[in-house]
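Visitor: what's the 3D shape of this:
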Amino acid sequence: VDDNPPDLTVGDDLTIAAGTTVTLQASVADPSAVASVVWQVSYDGEDYAVDPDLTTLTPQYTFGTYGEYDLSVTVTDTHGESSEDGFHVSVTEVAPTAIGVSTDAPIDEGGTATFTVTGLTDPDSQDTVSLYADWYGAGDFDQLDPSDYQVNGDGPISFQHQYDAPGAYLAVVRLEDDGG
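Guide: Numbers count the residues shown, from 1 in each chain. From the prediction side, this is the model:
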């Protein structure tokens with residue numbers, strides 16, 4: 001009877017972008033003798049929690065939000081012997097993006113322009129995205145309050161601004177999430 005625990009090896013520490021799916025790496029000298037695999041995840045120094053969806057040596061895992069992760073894997077063999085090892089993953093912030101911004105311009109003096117942002121995405125599932133507008137292209141951005149814009153049913157976000165003075169303006173829309 002072999003009373004030695006499994007000879008477990010895990011992957012190196014990683015640095016990846018938020019929203020990235022990776023294949024976690026663990027291996028043992030004799031995979032046919034593995035009875036169970038248990039992965040635990042700790043996010044930003046919190047207690048480890050077993051992820052019931054991670055039950056193989058090389059499962060897929062999506063790091064949905066930026067921060068620091070510690071992963072631990074415990075492999076038990078068919079003789080009841082266990083080995084544990086782990087590694088660290090640093091997940092970096094990813095800026096939100098939009099496919100485009102359109103407007104119904106030109107408008108008359110004193111008229112209101114409607115702006116529409118399409119294809120807004122942020123791979124970080126925990127982020128809050130804020131909208132900013134520089135109405136005159138002068139570098140002065142106003143943060144839009146959620147009551148200032150409407151999220152349309154099919155995804156685009158619309159908001160308006162009234163232009164009192166005549167002129168041609170190059171408005172700029174900026175997106176920021178919790179990471180800046």
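Visitor: Pull out the buried residues from the worst-scoring helix or strand of the chain on mean pLDDT.
Guide: Every helix and strand of the chain was ranked by mean pLDDT, DSSP states H and E. The lowest is strand 149-151, at a mean of 91. Buried residues in strand 149-151, counted by 16 or more other CB atoms under 10 Å: Y149. Quick note: C-beta positions are derived from backbone N, CA and C, even for glycine.
Visitor: Can you give the strand pairings for it, parallel or anti for each?
Guide: strand 157-162 (antiparallel) (DSSP bridges).
Visitor: now what about the partner strand, what contacts it?
Guide: For strand 157-162, contacts defined as CB atoms under 8 Å, 6 or more residues apart in numbering pick out 110-117, 120, 131, 133, 135, 144, 148-152, 171.
Visitor: any idea how far the least confident helix or strand of the chain is from the chain center?
Guide: Mean-position distance between strand 149-151 and its chain equals 22 Å (CA atoms, centre = their mean, to the nearest Å).
Visitor: repeat for stretch 9-16
Guide: 19 Å.
Visitor: where does P166 fall, helix, sheet strand or coil?
Guide: coil (DSSP: H, G, I helix; E, B strand; the rest coil).
Visitor: thought it was touching E109?
Guide: Yes. Taking contacts as CB atoms under 8 Å, P166 lies within contact range of E109: 4.6 Å.
Visitor: What does D140 show for phi and psi?
Guide: Main-chain torsions, D140, degrees, to the nearest 10: phi -100, psi 110.
Visitor: ok, now S147?
Guide: Given degrees, to the nearest 10, the pair of backbone angles that S147 has is phi -80, psi -10.
Visitor: Next, count neighbours for it.
Guide: 6 (other CB atoms under 10 Å).
Visitor: Could you do S125 as well?
Guide: By other CB under 10 Å, the residues close to S125 number 11.
Visitor: Quick check: it touching G67?
Guide: No. Applying CB under 8 Å, one finds S125 not in contact with G67, separated by 11.8 Å.
Visitor: In the protein, where is pLDDT below threshold?
Guide: 1-2, 180 (pLDDT under 70).
Visitor: Spatially central residue in the chain, please.
Guide: Residue closest to the mean C-alpha point of the chain, counted by CA atoms, centre = their mean, is D124 at 2.0 Å.
Visitor: Can you give me every residue that contacts the closest residue to it other than its chain neighbours?
Guide: Leaving aside its sequence neighbours, D124 sits nearest to A18 (CB to CB, 6 or more residues apart in numbering; 4.2 Å). The contact partners of A18, taken as CB under 8 Å, 6+ apart, are F63, G64, T65, Y66, V91, T92, E93, V94, P123, D124.
Visitor: taking those residues one by one, which sit in strands?
Guide: Using DSSP state E, the members of those that fall within strands are F63, V91, T92.
Visitor: Please determine how far the first one is located from S82.
Guide: Between F63 and S82 the distance, using CB to CB, to the nearest Å, works out to 26 Å.
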